[in-house]
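> Whatever this is, show me its structure:
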Amino acid sequence: MQATARRPVVSIGLLALALVLSALLIALGMWQLQRAEEKRTTLAEFERRGTAAIVDLNRTDNDDAGTLAGYRATATGYYLDFNILLDNQLHQGRTGYLVYTVFELDDRNPSILVNRGWIGAEADRSRAPRFDTPTTSQRLDGRLSQPPATGLRFEGSELIERMTDDMWRVQHIDFPGLITSLGEDLLVITLLLDNDAPAGFIRAWTPPGSDEARNLGYAFQWFAMALAVMVIAVVITLRSYKSGST
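I've put the predicted structure just below:
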């Protein structure tokens, strides 16, 4: 009799726990749907800016530069032989760097960091990669972008490591720190060099927000788990009642 009386209490507790867990899983799924919507909006804005008027960096105020991500841009000037290697960048499973080179704009200050693309790292991490930087006057075309966002920053991640006379290695793009280290004023935006532009490396640019499908996939997984939890709880409860009635 006592064991039979306990079954409804256990079953109710199991269902309550399943409801709480399912609610949590559904909340996680809704959050992923929200992230997908945010990325969809970001991508739409990026595409809109790509069809807007081209920004002339030689006439852009520094106060406005940080708000121009996504716009196509043009610039005339020349590369300085100042190269910034953004560390821990992956391409097809290989570790390497994004190469940022300072581009001095004609008839104005500050300069801009040009993202010339990805190169592989040497097996010996103390060795700097070798590449050429043309310093003749030229015109560049590309897309304005904020540097890649970083996750957790560990102790020492703010360091700007000088590898050679003209090359520095960093863990993230810190404009104030680079301005101090290079002695060169910089716009607080970077230029992604066009794929067909010379003097570049591997340029596999990914539009911001283009990975919304991943968040939709995560949302489906969370919702499926919530459904599975409830189904399992109901099945266990029904079996418990059936065994108690026999």
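> Report all helices and strands that the host helix or strand of residue 234 contacts.
If you go by DSSP states H and E, residue 234 is part of helix 212-245. Where contact means 3 or more Cβ pairs under 8 Å, 6 or more residues apart in numbering; DSSP states H and E, helix 212-245 is packed against helix 2-50. For the C-beta atoms, the positions are set from N, CA and C on the backbone; glycine is no exception.
> quick one, domains of the chain?
9-46+211-245, 71-193 (automatic domain parsing).
> and the end-to-end length of stretch 141-161?
29 Å (Cα to Cα, to the nearest Å).
> Roughly how far does residue 139 sit from residue 58?
10 Å (Cβ to Cβ, to the nearest Å).
> More neighbours: which of these two?
For residue 139 versus residue 58, neighbours defined as other Cβ atoms under 10 Å are more numerous around residue 58 (15 against 11).
> give the contact list for the more buried one.
Contact analysis of residue 58 by Cβ atoms under 8 Å, 6 or more residues apart in numbering lists 75-77, 105-108.
> check contacts around the closest residue to it other than its chain neighbours.
Nearest residue to residue 58, sequence neighbours excluded (Cβ to Cβ, 6 or more residues apart in numbering): residue 105, at 5.2 Å. By Cβ under 8 Å, 6+ apart, the residues touching residue 105 are 57-58, 75-77, 111-112.
> Apply 7 Å and report the result again.
By Cβ atoms under 7 Å, 6 or more residues apart in numbering, the contact list for residue 105 reads 57-58, 75, 77, 111-112.
> Which is the succeeding secondary structure element to the strand ranked longest in the chain?
In the chain, assigned by DSSP state E, the strand with the most residues is strand 72-91. Using DSSP H and E, the next helix or strand after strand 72-91 towards the C-terminus is strand 94-105.
> buried sites along that next one?
96-105 (16 or more other Cβ atoms under 10 Å).
> Just the residues contacting the helix or strand bottoming out on mean pLDDT in the chain, thanks.
Least confident helix or strand, the chain: helix 62-65 with a mean of 76, by mean pLDDT, DSSP states H and E. Outside helix 62-65, the residues that touch it by Cβ under 7 Å, 6+ apart are 110, 187-189.
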